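> Show me how the following folds:
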Amino acid sequence: MLIRGRGISKGSGTGRVLASPEPISFLSGVDPESGMIVEKGHPLEGALIAGKVLVFPHGKGSTVGSYIVYALSRNGKAPAAMINLEAEPIIAVGAIIAGIPLVDRLEGGLSLVPDGALARVDGGEGFVEILNSDESGETA
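Okay, here's the model as predicted:
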């Protein structure tokens, strides 16, 4: 399944979807050394984002969050790609300087990208392709 959106940060990334219903704060919410979500009470607390297609509505918090996204990339702990409902400047700048593909405004919304699915994000062309719907390899 191919889902159109708006490309924000160029490049292509493939990985398993890690989806959050809540915004993510990269400053104090994500450990740049481990790539773990550490925000207390967050639905993804304890999850590792490295190599994942990270799906979340938008970022929250300080502009330093852009640097944390960059630090994740430098440490080899960055997501393979990100998808937002609406990318705001903190996430957009972080993705661009870190070279992480980012797409937002998906036609049909984020619910079309199921947690655990294998997905490919193309930030240059502005689309998400669901390669299979679960870890068993079944196609969507």
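> List the residue ranges of the chain that fall below the pLDDT cut-off.
134-140 (pLDDT under 70).
> Quick one: the strands in it, in order.
2-4, 6-9, 12-19, 30-31, 36-37, 53-56, 81-84, 102-104, 118-122, 127-132 (DSSP state E).
> Out of the ones you listed, flag the one nearest V93.
strand 6-9 (9.2 Å; CB to CB). For every residue, glycine as well, the C-beta is placed using N, CA and C.
> so how far is the closest one from its chain's centroid?
12 Å (CA atoms, centre = their mean, to the nearest Å).
> go on, stretch 72-88?
The answer for stretch 72-88 is 5 Å, by CA atoms, centre = their mean.
> if we can go back for a sec, tell me which of the strands of the chain is the most buried.
Neighbour counts (mean count of other CB atoms under 10 Å) averaged over each of those peak at strand 81-84, with a mean of 28.
> circling back: output the strands of the chain as TSV; include the columns distance to L110.
Below are the strands of the chain laid out as TSV (distance: least, CB to CB, whole Å):
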stretch	distance to L110
strand 2-4	10
strand 6-9	13
strand 12-19	7
strand 30-31	19
strand 36-37	17
strand 53-56	6
strand 81-84	7
strand 102-104	9
strand 118-122	12
strand 127-132	10
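> For L72, find the nearest of these.
strand 30-31 (7.0 Å).
> got a list of contacts for that closest one?
Strand 30-31 is contacted from outside by I24, M36, I37, V38, E39, I49, I68, L72, using CB atoms under 8 Å, 6 or more residues apart in numbering.
> Could you list which of these belong to helices?
I68, L72 (DSSP state H).
> Kindly give a single PyMOL line that selects the buried subset of the contacts of strand 30-31.
Selection of the buried residues among the contacts of strand 30-31 in PyMOL, burial being defined by 16 or more other CB atoms under 10 Å:
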select buried, resi 24+36+37+39+49+68+72
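> Farthest pair within the contacts of strand 30-31?
Once CB to CB is applied, these give E39 and L72 as the farthest pair, at 14.6 Å.
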